[in-house]
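Chemist: Here is my input, please return the structure:
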Amino acid sequence: MSTDLRELDVIAAEPAVAESDPPVPVAALTGATSAEIQRLLLDFAVRRAREGVRVVGVIEEATCSDGVCGSLVLRDLAGTRRIPISQNLGRESTACNLDSSGLAEACGLVQAAIAAGADLVILSKFGKVEADRHGLVEAFQDAIAAELPVVTSVAPPLAAAWAAFAGPLSAPVAADAAALEAWWTAQVRARAGV
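Modeler: Down below sits the predicted model:
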């Protein structure tokens with residue numbers, strides 16, 4: 001059954017998924033730093049790809065020089081591209097340096113990869129930009145509309161916005177390899193009808 005994700009705010013008001021229902025398609029990782037979660041996502045993507053799973057999506061990487069991390073890039077999991085999502089606003093700037101054009105480019109890459117065929121979508125995070133319905137939000141929508149399993153992360157301050165967006169399609173998953181593997185095993189079994 002396909003879900004029109006443009007109406008997720010309405011779906012969020014529906015009752016939670018019962019235990020006898022199939023596992024929820026979206027794992028929202030919580031309980032670790034962003035850097036730890038991004039490493040976990042990369043390791044998970046590598047394991048799945050080695051198994052022949054068609055993994056698409058993006059993970060966040062910080063570029064560091066002399067131990068100081070400055071700009072961020074999104075690493076395309078379906079290819080070799082790294083898309084800058086930080087812009088240099090100067091040393092004195094205190095404004096957000098997120099580059100919305102980089103996010104739009106990354107979103108387009110993920111959407112194209114989903115359309116070309118995927119088994120699993122990994123999206124670095126549901127952040128402030130996505131809470132405002134921009135950034136990678138259309139990639140989230142396309143992935144769930146295609147009924148694909150999705151793994152992402154959600155910081156505690158954005159939990160309410162995430163719940164309003166994803167509703168019963170998502171469940172929190174501890175940011176550790178064992179919990180993520182258990183979620184994936186449930187996805188594989190449900191898809192196999194086991």
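
Chemist: List the contacts of His134.
Modeler: By Cβ atoms under 8 Å, 6 or more residues apart in numbering, the contact set of His134 is Ser100, Leu103. To be clear about C-beta, it is placed using only N, CA and C from the backbone, and glycine gets the same treatment.

Chemist: mind checking the SS state of it?
Modeler: Under DSSP: H, G, I helix; E, B strand; the rest coil, His134 falls in the coil class.

Chemist: mean confidence score for the strand or helix carrying Trp184?
Modeler: Applying DSSP states H and E as the criterion places Trp184 in helix 177-192. For helix 177-192, the mean per-residue pLDDT is 95.

Chemist: Can I get it in PDB, CA atoms only?
Modeler: Below are the C-alpha coordinates for helix 177-192, written out as PDB (Å, rounded to 0.1, in the frame of the first residue of the first chain):
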ATOM      1  CA  ALA A 177      24.800  -1.800  15.400                       C
ATOM      2  CA  ALA A 178      22.800  -4.500  17.100                       C
ATOM      3  CA  ALA A 179      19.600  -2.500  17.300                       C
ATOM      4  CA  LEU A 180      20.000  -1.400  13.700                       C
ATOM      5  CA  GLU A 181      20.700  -5.000  12.600                       C
ATOM      6  CA  ALA A 182      17.500  -6.200  14.400                       C
ATOM      7  CA  TRP A 183      15.400  -3.500  12.600                       C
ATOM      8  CA  TRP A 184      16.900  -4.600   9.300                       C
ATOM      9  CA  THR A 185      16.300  -8.300  10.000                       C
ATOM     10  CA  ALA A 186      12.700  -7.500  10.700                       C
ATOM     11  CA  GLN A 187      12.500  -5.600   7.400                       C
ATOM     12  CA  VAL A 188      14.000  -8.400   5.400                       C
ATOM     13  CA  ARG A 189      11.700 -11.000   7.100                       C
ATOM     14  CA  ALA A 190       8.600  -8.900   6.500                       C
ATOM     15  CA  ARG A 191       9.400  -8.400   2.800                       C
ATOM     16  CA  ALA A 192      10.000 -12.200   2.500                       C
END
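
Chemist: tell me the contacts of the residue at minimal distance from the centre of the chain?
Modeler: For the chain, the residue nearest the mean C-alpha position is Leu123 (2.3 Å; Cα atoms, centre = their mean). Counting by Cβ under 8 Å, 6+ apart, Leu123 touches Gly57, Val58, Val110, Leu136, Ala139, Phe140, Ala143, Val150, Val151, Thr152.

Chemist: Now it, what are its backbone angles?
Modeler: phi -120, psi 120 (degrees, to the nearest 10).

Chemist: Quickly list what it is bridged to.
Modeler: Val58 (DSSP bridges).

Chemist: Looking at the contacts of Leu123, which are in strands?
Modeler: Assigned to strands by DSSP state E, the following of those qualify: Gly57, Val58, Val150, Val151, Thr152.

Chemist: Just the buried ones from these, in ChimeraX syntax?
Modeler: In ChimeraX syntax, the buried subset of these is picked out as below (16 or more other Cβ atoms under 10 Å):
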select :57,58,150,151,152
